[in-house]
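Trainee: what follows is a predicted structure for the sequence shown.
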Amino acid sequence: MTVYADMARGGDFEGMKKLYIRTFGCQMNEYDSGKMADVLGAVEPLVRTDDPGEADIILFNTCSVREKAQERVFHDLGRVRRLKLERPGVVIGVGGCVASQEGEAIVRRAPYVDVVFGPQTLHRLPALIARRQESGKPQVDVSFPEVEKFDALPQPRVEGVSAFVSIMEGCSKYCTFCVVPYTRGEEVSRPLDDVLAEVSLLAAQGVREVTLLGQNVNAWRGALEKGADGETGDFALLLECVHGVPGIERIRYTSSHPREMTPRLIEAFTRLPGLAPQLHLPVQSGSDRVLAAMKRGYTVLEFKSIVRRLRAARPGLSLSTDFIVGFPGETAEDFEKTMRLIEEVGFDGAFSFVYSARPGTPAVELDDPVPQETKLAWLARLQKRIDEQAQAISQSMVGGVERVLVEGAAKKDIDELCGRTANNRVVNFPVPAPARERLAGQFVDIRITAALPHSLRGEVVTGEVP
């Protein structure tokens, strides 16, 4: 049985080893960090800590998507080196995509690192630590054993009403700017019954909302039964099956790819009421020339056609996206096309970044004549417009009633509760003390009273609280 806890929750942790994990990057990495704690906690009782200075195991779960990711890792490793000198028994490990990319180079540059493991080998972490302690030599395993990781992970354990479920690994799209296929491998899907088993276990623990995760989550093509040859299902089928799990009332997924947004998947927004009316659909650019250079596999017109069909299937669908600004060779005209796309689609949020070359990707070889100050100016303008659109959508919600999943006490006021709307906005609202505990984990109708920059204010609709 997995045994680990979080010191912030209180409790008696006398004699328990302490685990520190610092996570960089995407929600897949957040999910993986939780699984690292699970596999280690299955071996011996552990308590999570936010202070590396008191930890017995220090792990860095890394991301290589952004610029200078490797240097950031070595900077963090340098900061904990003294802890190894003071307490030679402390275990220091590097996991994630930088680990996958750098491998043995990490221990050559930082010989005090004990274990290096990739996203697909995190389940081997206890064995790697054991071999390190037996042999006295650093252990490195950045192989790609496909879905072995999922077979070896302990049963999911959560404390909350929302949970992530990873349904696939890797990416086979090979966009010219992206390092993910080289660090996480090609697309490998978990079997349908494996995913449903995890979702069912989460539902039994009180989870009401799941977010399905994958680098290209809608590219899922899984076997209908684990170990069986033959029939596979598509992502639309998986959504239908998860939708039918008792206790699960809301489903989200991220991150999707426009090329995999099939007619069946679009129709799912009509057929499945529990599928949240919110989608993250990365476009990256509003210029066909730039999209072709990125090897994205679609045109702006095709992307807009997908958006039209999605909103026809689910009116009011909230769309967020990704943008890369200043891709090699991008012109002012290309950037203006991106700004026009933002206006036409009305995105409700975006992850946007200035392009940074990733070693080993094809885009590294492209000429990049655009000055950095120009790219930064473009980025600021794009982000400002996205923020304005998101705020306008929030403002339009004022006066309306939203079905909110109550997650618990508000961060800034323990006398209030907080939850999330179907379009993924945080709402804070007052509730009389006797009803707070009863409403936690429930869906409640909230009338929106104010739109703040990063959240909403609301009040419980009369009749929800006796």
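Mentor: Alright, I've got the coordinates.

Trainee: distance from the lengthiest helix in the chain to the middle of the chain?
Mentor: Secondary structure of the chain per DSSP state H: the longest helix is helix 372-397. Averaged C-alpha coordinates place helix 372-397 at 22 Å from its chain's average position (CA atoms, centre = their mean, to the nearest Å).

Trainee: helix or strand right after the helix or strand bottoming out on mean pLDDT in the chain?
Mentor: Within the chain, judged by mean pLDDT, DSSP states H and E, the helix or strand with the poorest mean is strand 4-6; its value is a mean of 47. The C-terminal neighbour of strand 4-6 among helices and strands, as given by DSSP states H and E, is strand 17-23.

Trainee: elements contacting that next one?
Mentor: Here strand 17-23 touches helix 27-41, strand 46-48, strand 57-62, going by 3 or more CB pairs under 8 Å, 6 or more residues apart in numbering; DSSP states H and E. C-beta coordinates here come from the backbone N, C-alpha and C atoms, glycine included.

Trainee: between that strand and helix 27-41, how many degrees?
Mentor: 170 degrees (axes from the mean of the first three to the mean of the last three CA atoms, to 10 degrees).

Trainee: who does strand 17-23 pair with, and is each partner parallel or antiparallel?
Mentor: Strands that pair with strand 17-23, judged by DSSP bridges, come out as strand 46-48 (parallel), strand 57-62 (parallel).

Trainee: which of those strands is buried the deepest?
Mentor: With neighbours taken as mean count of other CB atoms under 10 Å, the strands paired with strand 17-23 reach their highest mean count in strand 57-62, at a mean of 26.

Trainee: mind checking the pLDDT average for it?
Mentor: Strand 57-62 shows a mean pLDDT of 94 in the predicted model.

Trainee: what about dumping the CA coordinates of the very next helix or strand once past it to PDB?
Mentor: Toward the C-terminal end, the helix or strand that comes next after strand 57-62 (DSSP H and E) is helix 69-86. Output in PDB follows, covering the C-alpha atoms of helix 69-86 (Å, rounded to 0.1, in the frame of the first residue of the first chain):
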ATOM      1  CA  ALA A  69      16.200  24.300 -19.500                       C
ATOM      2  CA  GLN A  70      19.400  22.300 -19.000                       C
ATOM      3  CA  GLU A  71      21.200  25.300 -17.300                       C
ATOM      4  CA  ARG A  72      18.300  25.800 -15.000                       C
ATOM      5  CA  VAL A  73      18.600  22.200 -13.900                       C
ATOM      6  CA  PHE A  74      22.300  22.400 -13.200                       C
ATOM      7  CA  HIS A  75      21.700  25.700 -11.300                       C
ATOM      8  CA  ASP A  76      19.300  23.900  -9.000                       C
ATOM      9  CA  LEU A  77      21.600  21.000  -8.600                       C
ATOM     10  CA  GLY A  78      24.400  23.300  -7.600                       C
ATOM     11  CA  ARG A  79      22.200  24.700  -4.800                       C
ATOM     12  CA  VAL A  80      21.700  21.300  -3.200                       C
ATOM     13  CA  ARG A  81      25.200  20.100  -3.700                       C
ATOM     14  CA  ARG A  82      26.200  21.300  -0.200                       C
ATOM     15  CA  LEU A  83      23.400  19.100   1.300                       C
ATOM     16  CA  LYS A  84      25.100  16.100  -0.200                       C
ATOM     17  CA  LEU A  85      28.400  17.200   1.400                       C
ATOM     18  CA  GLU A  86      26.700  17.700   4.700                       C
END
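
Trainee: which parts of helix 69-86 are buried?
Mentor: A69, Q70, R72, V73, F74, D76, L77, V80, L83, K84 (16 or more other CB atoms under 10 Å).

Trainee: same thing with stretch 33-48?
Mentor: Applying a neighbour-count criterion of 16+ other CB under 10 Å, one finds 33-42, 46-48 buried in stretch 33-48.

Trainee: next: stretch 422-442.
Mentor: Under 16+ other CB under 10 Å, the buried positions of stretch 422-442 are 422-429, 431, 436, 439-441.

Trainee: tell me where the stretch 301-450 of the chain has helices.
Mentor: Under the criterion DSSP state H, counting those that start in this stretch, the stretch 301-450 of the chain contains helices at 332-345, 372-397, 433-439.

Trainee: same question for the longest one, mean pLDDT?
Mentor: To tie it back to what came earlier, the one meant is helix 372-397. Averaging pLDDT along helix 372-397 yields 97.

Trainee: who does it touch, helix- and strand-wise?
Mentor: When contacts are defined as 3+ CB pairs under 8 Å, 6+ apart, helix 372-397 sits against strand 318-325, helix 332-345, strand 350-354, strand 443-451.

Trainee: that one to strand 350-354, inter-axis angle?
Mentor: Per the same axes, to 10 degrees, the angle that helix 372-397 makes with strand 350-354 is 170 degrees.

Trainee: returning to what we had before: strand 318-325 and the longest helix of the chain, what's the angle between them?
Mentor: If you take the same axes, to 10 degrees, helix 372-397 sits at 170 degrees to strand 318-325.

Trainee: please look at Y182 and G360 and confirm they touch.
Mentor: Yes: counting by CB atoms under 8 Å, Y182 sits close enough to G360 to count as a contact (5.6 Å).

Trainee: what sits in contact with each of those two?
Mentor: The contact sets of Y182 and G360 overlap at Q101 (CB atoms under 8 Å, 6 or more residues apart in numbering).

Trainee: quick check: end-to-end length of stretch 411-427?
Mentor: Stretch 411-427 has its terminal residues 11 Å apart, counting by CA to CA, to the nearest Å.

Trainee: which residue ranges form the strands in the stretch 151-300 of the chain?
Mentor: Secondary structure of the stretch 151-300 of the chain, counting by DSSP state E, counting those that start in this stretch: strands at 162-166, 168-169, 188-189, 209-213, 221-223, 232-234, 250-254, 278-280.

Trainee: can you list the strands that the last one pairs with?
Mentor: So that's strand 278-280. Within its sheet, and counting by DSSP bridges, strand 278-280 is paired with strand 318-325 (parallel).

Trainee: likewise for the first one?
Mentor: Each strand paired with strand 162-166, and its direction, by DSSP bridges: strand 209-213 (parallel).
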